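J.: got a sequence here, can you build the structure:
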Amino acid sequence: MIGFREFVLLIAAMMATQAIAIDAMLPAFPIIVHALAVNNENHGQWILTAYMGGLGCGQLFWGMMSDRFGRRPVLLGGLALYVVAAFLCGLAGSFEALLVWRFIHGAAAASVTVTRSVIRDLYSGRQMARVMSLTFVVFLMMPVVAPSLGALILSFAPWRYIFILSGAFAFVIWLWTSVRLKETLHAEYRRTLTLEHISAATRMVLGNRSSLCYTLALTVMFAAIMAYVGMVQQIFSDVFHRPRLMPGVFALCAVTMGGAAYANSRLVERMGMRRISHTALLCFIAVTAVHALVASSGWERLWTFVVFQAATMACFSLALSNFGAMAMEPIAAVAGIGASLQGFISTFGGAVVGALIGRYFDGSTAPLIVGSLCCGLAALVCVLFAEQGQLFRLPAPAREPQCHGGIEPHPSE
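T.: Next up, the predicted model:
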């Protein structure tokens, strides 16, 4: 029987395959653009956009498959496709071919969204938010090291080896999953994939106020982080003229996100998801508003960018993990399709909006910061709709966590 700590580590490691595919690429964007003869340097962001587009679209497929065939075979199949797509990205002979394989790479990585269904199979309420926060802590350790890992690989090998090593990492996770993870969706709860069932599940996900509004809040918040990831290399190169500092600063921001996620895991069962996430969202708006004033006034310096961005990422982390749990909470009956639809909306929508923000890069940090502020305000509107205009509202008492499928319950401390 897999223990709680190993379960958290395994789920986080699966999620980390996505972080590696995104963050390890960042130092290589200008090198890939030059190597594949791309005329416009801004088009390097398409490497990220293609991946995120596949990640969003793929979630519609994997979640439905997991409701029909179970979580374990879908996770194993998706990880196997991830390995193949990563190797083919490394072999791409043109920028167009790379974008195609990156889309497939993202579609394969979308299978990892099934981990949300696995968690929802086993836990509910604040304890589900705690598990998600703990996996988020481990998951966020990868952005700390991934850009530096990418830079290290580039120091002694071509950019293609970044993709090859990401595929090798996913293969190790595939082996771990095949040996240790048991099925969490019992046969009696599996559903046939009829049009009627899919339509009913879609109506449940999109018709529930809390599910829909918190999914939209996730979308616009995710857009802010996608804009940051897509633009950070150009900001350090073109604004601060210190490209070598990017991996270290990126790691620092990831550390603040990880620390906030860990704090959430320790506090959420006592304080509640709404109190923490709503406070974090208001702080996110306040921090980005002050930062937007600094950036728009021409007072931006490297140290101000680092300080404000680290604070923004901490607020983002506290809001996001709880928004995800609150979006999933009312749709336990269709957790697989629910996670797929929510993941598709938040990932694909966030990637598109983030790419639109990235298009406005003008050699300053202002487009990123103002775009993030707009995303925060839009998220606040969504949260107010979800809570019928009342922040910090106390929900109905949560059910006791479910625990089955061969996973030990987590400690009750």
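J.: which SSE is F7 in?
T.: Counting by DSSP states H and E, the element that carries F7 is helix 4-23.
J.: next SSE after that helix?
T.: helix 29-35.
J.: what's the first helix or strand after the helix or strand bottoming out on mean pLDDT in the chain?
T.: Confidence across the helices and strands of the chain bottoms out at helix 125-156, with a mean of 76, counting by mean pLDDT, DSSP states H and E. Going down the chain from helix 125-156, the next helix or strand is helix 160-180, by DSSP H and E.
J.: list the helices and strands that following helix packs on?
T.: Helix 160-180 sits against helix 4-23, helix 71-90, helix 125-156, with contacts defined as 3 or more CB pairs under 8 Å, 6 or more residues apart in numbering; DSSP states H and E. In short, each C-beta sits where N, CA and C put it, glycine included.
J.: can I get these in JSON lines with distance to G54 and mean neighbour count?
T.: Output for those, formatted as JSON lines (distance: least, CB to CB, whole Å; neighbours: other CB atoms under 10 Å):
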{"stretch": "helix 4-23", "distance to G54": "10", "mean neighbour count": "22"}
{"stretch": "helix 71-90", "distance to G54": "9", "mean neighbour count": "21"}
{"stretch": "helix 125-156", "distance to G54": "19", "mean neighbour count": "21"}
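J.: in TSV: those helices, plus distance to G258.
T.: Below are the helices and strands packed on helix 160-180 laid out as TSV (distance: least, CB to CB, whole Å):
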stretch	distance to G258
helix 4-23	11
helix 71-90	23
helix 125-156	4
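J.: which one, of those, ends up nearest to R180?
T.: For the helices and strands packed on helix 160-180, distance to R180 was read as CB to CB. The smallest value, 6.5 Å, belongs to helix 4-23.
J.: pretty sure L98 sits against F29.
T.: No - using CB atoms under 8 Å, L98 is not in contact with F29; the gap is 11.7 Å.
J.: intersection of neighbour lists for the two?
T.: Residues touching both L98 and F29 by CB atoms under 8 Å, 6 or more residues apart in numbering: I47.
J.: which intervals of the stretch 1-150 of the chain have sub-threshold pLDDT?
T.: Scanning the stretch 1-150 of the chain for pLDDT under 70 picks out the ranges 1, 125-126, 136-141, 143-144.
J.: the same query, at a cut-off of 50, please.
T.: By pLDDT under 50, the stretch 1-150 of the chain contains no weakly predicted segment.
J.: who's in contact with the nearest residue to R275 once chain neighbours are set aside?
T.: Setting aside the residues directly before and after it, R275 is nearest to F392 in space (CB to CB, 6 or more residues apart in numbering), at 5.4 Å. For F392, the contacting residues are R274, R275, H278, T279, by CB under 8 Å, 6+ apart.
J.: and the host helix or strand of the first one, what does it pack onto?
T.: The reference is to R274. Per DSSP H and E: R274 is located in helix 273-296. For helix 273-296, the packing partners by 3+ CB pairs under 8 Å, 6+ apart come out as helix 246-271, helix 302-328, helix 366-386.
J.: next one: the first one to chain centre, how far?
T.: Taking CA atoms, centre = their mean, to the nearest Å, one finds the center of helix 246-271 at 14 Å from the center of the full chain.
J.: check which residues of it are buried.
T.: Neighbour counts over helix 246-271 (16 or more other CB atoms under 10 Å) mark 246-247, 249-265, 267-269 as buried.
J.: name the helices or strands packed onto the helix holding F7?
T.: Using 3+ CB pairs under 8 Å, 6+ apart: helix 4-23 touches helix 45-69, helix 71-90, helix 95-109, helix 114-122, helix 125-156, helix 160-180.
J.: which of the three states applies to the residue nearest to R275?
T.: Counting by DSSP: H, G, I helix; E, B strand; the rest coil, the backbone at F392 sits in coil.
J.: need the pLDDT of it.
T.: Note for F392: predicted pLDDT of 81.
J.: repeat for Y161
T.: Y161 carries a pLDDT score of 94 in this model.
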